[in-house]
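**Q** below is the structure, and that's it, no one-letter string:
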């Protein structure tokens, strides 16, 4: 931008900063969802303080994060992620290698500084930072939850509605997550080909093993793979019924997804969450139970 006259210099410089920030993160192999999330957080901070990065101060960050805690009651982990997004952006625009400080000094008479420091940042000191209210199912709760899943399929089917197919799929998703201890995205990203035989567990037939290909990744690394062996004797029956009798009714020609969507390739996280919440509330269970509680159990 050196020597170039800009029609809207502040907005154009800020847009160029965001573009460079995104490219730097992509070069580090960070996931696009992480890159987009940080960009959206920086934009949200801009909207809150109503000024550009070269005018930011630590007090602005304090006020913003304080409001998020007090007014929106955001989780501690969310607050940490927001402050980390702003910290990373400030680290990028203050790095002399990228020359943004010189550009801003020339055009605006000031320059960006790092506004997120150790004294106004929540430190992640525990490996497990989850909400202590989150818990596992009791045996009785788990039995009631799966029974309700099956009852809903039967109820909807008795009404002659096609909604029983998605209900059956979602019930199988929940049972699979419990059977193999998979996370939400790990479960939804399974393909039909990810289930196979275990030579040391021939009694499970074609469903003796589950290959998880989209495990939780470390920063800058691809999704982590792992194989999980079948341990419950009911699991093959559940999966066999789904794959041989129900899944074909979704019109799955050419679709490798284990859990196809009515309108797309595979089921989305939002659909999984909404169905789980509906069943939890129907049973009168507390919100300490979420999809991850199946894994905790």
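**A** Cool, the structure landed. Everything numeric in this text was worked out from a predicted model, so none of it was measured. Numbering: from 1, shown residues only.
**Q** list the contacts for the residue nearest to residue 135 when sequence neighbours are not counted?
**A** Leaving aside its sequence neighbours, residue 135 sits nearest to residue 288 (CB to CB, 6 or more residues apart in numbering; 4.8 Å). Heads up, the C-betas are built off the backbone N, CA and C, glycines and all. The contact partners of residue 288, taken as CB atoms under 8 Å, 6 or more residues apart in numbering, are 133-135.
**Q** any quick PyMOL command for the buried ones out of the residues you listed?
**A** Listed next is the PyMOL selection for buried residues among the contacts of residue 288, using 16 or more other CB atoms under 10 Å:
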select buried, resi 135
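**Q** and which of the contacts of residue 288 is nearest residue 221?
**A** Residue 221 has its nearest neighbour among these in residue 134, at 26.0 Å by CB to CB.
**Q** model confidence for that closest one, exactly?
**A** Turning to residue 134, the model gives it a pLDDT of 86.
**Q** ok, it - contacts?
**A** 288-290, 292-293, 296.
**Q** same thing with residue 259?
**A** 169, 172-173, 187-188, 190, 266-267.
**Q** show me those that map onto strands.
**A** Among those, no member falls in strands (DSSP state E).
**Q** tell me which of the residues you listed is nearest to residue 205?
**A** Relative to residue 205, the closest of these is residue 172; by CB to CB it sits at 16.7 Å.
**Q** not counting sequence-adjacent ones, nearest residue to the closest one?
**A** residue 242 (4.6 Å).
**Q** report the buried residues of the helix or strand that contains residue 147.
**A** Assigned by DSSP states H and E, residue 147 belongs to helix 139-158. By 16+ other CB under 10 Å, the buried positions in helix 139-158 come out as 141-142, 144-146, 148-149, 152-153, 156.
**Q** related to what we said a few turns ago, against residue 141, how distant is the residue nearest to residue 135?
**A** Per CB to CB, to the nearest Å, residue 288 is found 11 Å from residue 141.
**Q** show me the contact partners of stretch 172-183.
**A** 142, 145-146, 149, 184, 187-188, 190, 210, 212, 215-216, 228, 230-232, 235, 238-239, 242, 246, 259, 267, 272, 276, 291-292, 294-295, 297.
**Q** next one: that stretch to chain centre, how far?
**A** 17 Å (CA atoms, centre = their mean, to the nearest Å).
**Q** got the contact list for the spatially most central residue of the chain?
**A** The chain has residue 185 as the residue nearest its centroid, 7.1 Å off, counting by CA atoms, centre = their mean. Shown in contact with residue 185 (CB under 8 Å, 6+ apart): 214, 269.
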